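1. sharing a sequence plus its predicted fold:
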Amino acid sequence: MDPVFLGEGMKQLLKSIMFAAVLFAAAMDACGQAQTAPAGERSATDLAKTTQNPVGDIVSVPFQFNFNNGGAYKDSTYFNLNFQPVIPIHLNHKVTLISRTIVRIDSVPTGNGTSSSGVGDIQEQTFFTPARPHKIIVGVGPTFSLPTATASPVKTGTWAGGVSGVVLAMPGPFVVGSLFSQLWPMSDSGGEPKTDLFLWQYFINYNFGKGWALATAPSITANWDAAAGQKWTVPVGGGISRTLIFQKQPMTLGFQYYYNAVRPDTASSTTVRFIFALIFPERP
């Protein structure tokens, strides 16, 4: 089919499907080549459960590719790449500080086949958590948002601060819990929008062996700066992932799909998400 007859959103969706096929072809190929963890090292499923824990004691470097279509964007695509390194810092034998930095790269459609691309506001989430967690794992700490955006549609000019918290359990093959975050504006350069955001992310992961997992982890958000009836975004959906050890390098590949059942008029209706994460477990 001649590309001229394809809308921008359809072309982006086709690219997304091709990208997913490459990721999962690599994962399936690695199934036959993935190495068994040597004695004393963690299995792929153990690594998967640790990385599914937002305050897990492991270094991970996830790349999250989000293709947002429909809704306000119609046949265009709002592309967002989140680079989210997670680093545990052992303060002492009782307390670990988990640093989670979220760096956004955005490409926002601006009409007539054009888009505005650049870095978004960088967010830093920190969690103080027990170094030796119990059955119920809890973490809490300050969170910040820095006005680093260079793409015009996502510029806020807001220095924001707040608090983040997480509570979870890991019974059997499950990793289940909730993460909360609230950012309040501390200083703003003027104009809309302002960063005054609430996030609730519940997550349910079921690990069924050899690093495979089913998961749902929708990010439910409220923009308190928006007009009445335009504040909430409530996605529903889920996906599948595979954690493996390939050429001695642990990694996770994943695919998720979410539909925004509740959303502002300016939001997309669907999100197709691909995840690629490098994992760096501590050596015994």
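-> Great, that's in hand.
2. poorly predicted segments of this structure, please.
-> Across the chain, residues meeting the criterion (pLDDT under 70) sit at 1-42, 190-191, 282-284.
3. now the helices for it?
-> Assigned by DSSP state H, the chain shows helices spanning 8-33, 44-52.
4. can you give me the strands for the stretch 101-250 of the chain?
-> 114-119, 122-130, 136-146, 158-169, 174-188, 197-207, 212-216, 219-223, 232-246, 249-262 (DSSP state E, counting those that start in this stretch).
5. mean neighbour count and distance to Thr271 added to the ones you listed, as TSV?
-> All C-beta atoms are positioned from the backbone trio N, CA, C, and that covers glycine. Converted to TSV, these look like this (neighbours: other Cβ atoms under 10 Å; distance: least, Cβ to Cβ, whole Å):
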stretch	mean neighbour count	distance to Thr271
strand 114-119	14	17
strand 122-130	19	18
strand 136-146	18	21
strand 158-169	19	22
strand 174-188	18	18
strand 197-207	18	14
strand 212-216	18	13
strand 219-223	17	9
strand 232-246	20	7
strand 249-262	19	5
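6. select, out of those strands, the one closest to Asn80.
-> Asn80 sits nearest to strand 114-119 of all those, at 10.6 Å, using Cβ to Cβ.
7. for that closest one, enumerate the helices and strands it packs against.
-> For strand 114-119, the packing partners by 3 or more Cβ pairs under 8 Å, 6 or more residues apart in numbering; DSSP states H and E come out as strand 95-111.
8. name the residues of the strand it packs on that are buried.
-> Applying a neighbour-count criterion of 16 or more other Cβ atoms under 10 Å, one finds 96-98, 100, 102-109 buried in strand 95-111.
9. out of the residues you listed, the closest to Gln123 would be?
-> Looking across those and measuring by Cβ to Cβ, the closest to Gln123 is Ile102, at 4.4 Å.
10. bridging residues for the closest one?
-> Gln123 (DSSP bridges).
11. which residues does it contact?
-> Ile102 makes contact with 82-84, 122-125, according to Cβ atoms under 8 Å, 6 or more residues apart in numbering.
12. OK, contacts around the nearest residue to Leu199 once chain neighbours are set aside?
-> Spatial nearest neighbour of Leu199, chain neighbours left out: Ser181 (4.3 Å); criterion: Cβ to Cβ, 6 or more residues apart in numbering. By Cβ under 8 Å, 6+ apart, the contact set of Ser181 is 125, 143, 162-165, 197-199.
13. thinking again about what came up before, how about the strands of the stretch 101-250 of the chain in a markdown table, adding distance to Pro88?
-> Listed next are the strands of the stretch 101-250 of the chain as a markdown table, based on distance: least, Cβ to Cβ, whole Å:
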| stretch | distance to Pro88 |
| --- | --- |
| strand 114-119 | 26 |
| strand 122-130 | 9 |
| strand 136-146 | 11 |
| strand 158-169 | 14 |
| strand 174-188 | 16 |
| strand 197-207 | 19 |
| strand 212-216 | 21 |
| strand 219-223 | 22 |
| strand 232-246 | 18 |
| strand 249-262 | 16 |
